[in-house]
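Visitor: Have a look at this prediction, sequence included:
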Protein chains: 2
Amino acid sequence: MAAQRKIPTPSDDEQRAGADLEDLVGYNLKRAYVIVSADFRRTLGMDGFGPRVFSALSLVVQYPNITQSELARMLGIERSGLVAIIDELEGRKLLKRIPVPRDRRVQALIPTDEGRAAYARARDAVRAHEAALLSDLTAEERETLLTLLRKIRQTED
Amino acid sequence: MAAQRKIPTPSDDEQRAGADLEDLVGYNLKRAYVIVSADFRRTLGMDGFGPRVFSALSLVVQYPNITQSELARMLGIERSGLVAIIDELEGRKLLKRIPVPRDRRVQALIPTDEGRAAYARARDAVRAHEAALLSDLTAEERETLLTLLRKIRQTED
């Protein structure tokens, strides 16, 4: 066990560094996401849905017949990173890979009935988890936050 | 190469799923962070500073004599995950591990002069990168975003 020590008081010069970090949008985004995703994992841990698996299933339910390339692009992740997620969802019989007519190299993804039902349950649980976790934010603050985060996302387009 | 296919139009039932995802704070936090951190990596890639290495160095500069346990807690990461980061910073001679009086099991971290200078350069580059990336946000929107993200971070305390 580490000894109990007080963190030393920073000098004036040094104080700027901590202020810098706290004033960076990227640092605050990361810290906030770590908290929300840890709570997400606690909520959906029983069902074995990590945030990425949940997001992938959500889009397959919304866009049946989506290809893996399209899904990777919509999720903003590498196609190679998606394969393990799709393998997992297929292994759990929550979606199926089906051939695409006219291009045998491409497979499309469709949710199973079980996948749709599992997604609906997970979605309700995630909504409840965010409502509880973010109860310090008013409805208006939550909307403002979403609007500003979407504005950052638009810089990518 | 994948065939060019239009993503199928979702049915009314299915449309809810995508709306659900877009309305989740966690999903939007992650997508926004991915964009900001990718830009961060492009900015500091030359110097070989990832976001976590940068954050760790920032706190060592601000709190010389901080222990690894204290640093892990302030960064909100596991102590085990921090060791590789500290090894890297020490290997690059940006910080030093020194013994803590009265507890030989604990080592404290202090920045080298080179570490302080490297941090100051990196900090200026990160500030410039965020200002450019987030130029669509007004100064007021940026402050509002930081305030709301900090509010989420407070739920952890």
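Guide: Received the coordinates, thanks.
Visitor: Going by C-alpha atoms from here, please, whenever you check contacts or count neighbours.
Guide: Noted.
Visitor: can you pull out the strands in chain A?
Guide: Taking DSSP state E as the criterion, chain A carries its strands at A:66-67, A:95-100, A:103-111.
Visitor: any idea which of these scores lowest on pLDDT?
Guide: Averaged per stretch, pLDDT over the strands of chain A is lowest on strand A:103-111, reaching a mean of 88.
Visitor: Determine whether any part of that one lies close to chain B.
Guide: Yes - for strand A:103-111 and chain B, the contact criterion (Cα under 8 Å from any Cα of the partner chain) is met by A:103, A:105-106.
Visitor: separation between the residue nearest the centre of chain A and residue A:125?
Guide: Geometric centre of chain A, nearest residue: residue A:51, 4.3 Å, by Cα atoms, centre = their mean. Distance, residue A:51 to residue A:125, by Cα to Cα, to the nearest Å: 12 Å.
Visitor: circling back: who are the neighbours in contact with the residue nearest to the centre of chain A?
Guide: Contacts here follow Cα atoms under 8 Å, 6 or more residues apart in numbering or on different chains; on that basis residue A:51 touches A:37, A:40-41.
Visitor: Can you tell me which of the residues of strand A:103-111 next to chain B has the largest number of neighbours?
Guide: residue A:106 (17 neighbours; other Cα atoms under 10 Å in any protein chain shown).
Visitor: Could you verify my assumption that it touches residue A:70?
Guide: No - Residue A:106 is not in contact with residue A:70 according to Cα atoms under 8 Å; the separation is 11.1 Å.
Visitor: The nearest residue to residue A:150 once chain neighbours are set aside: neighbour count?
Guide: Here the nearest residue to residue A:150 in space, its sequence neighbours aside, is residue B:28; by Cα to Cα, 6 or more residues apart in numbering or on different chains that works out to 6.8 Å. The number of residues packed near residue B:28 is 22, by other Cα under 10 Å.
Visitor: What does the pLDDT read for residue B:28?
Guide: 94.
Visitor: shaky segments in chain A?
Guide: Using pLDDT under 70 as the threshold, the predicted model of chain A has low-confidence ranges A:1-19, A:46-47, A:157.
Visitor: try it again with 50
Guide: A:1-5, A:13-15, A:17 (pLDDT under 50).
Visitor: Okay, helices next: where are they in it?
Guide: Counting by DSSP state H, residue ranges of the helices within chain A are A:12-22, A:25-44, A:51-62, A:68-75, A:79-91, A:113-133, A:139-154.
Visitor: Return the most buried member of those.
Guide: Burial of these is given as mean neighbour count (mean count of other Cα atoms under 10 Å in any protein chain shown); helix A:51-62 ranks first at a mean of 22.
Visitor: tilt between that helix and helix A:68-75?
Guide: For helix A:51-62 and helix A:68-75, the angle between their directions (axes from the mean of the first three to the mean of the last three Cα atoms, to 10 degrees) works out to 120 degrees.
Visitor: Just put the strands of chain A in TSV and tack on distance to residue A:81.
Guide: Formatted as TSV, the strands of chain A follow (distance: least, Cα to Cα, whole Å):
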stretch	distance to residue A:81
strand A:66-67	14
strand A:95-100	17
strand A:103-111	16
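Visitor: now, of the ones you listed, which is deepest in the fold?
Guide: Using mean count of other Cα under 10 Å, strand A:66-67 ranks as the most buried of the strands of chain A, with a mean of 23.
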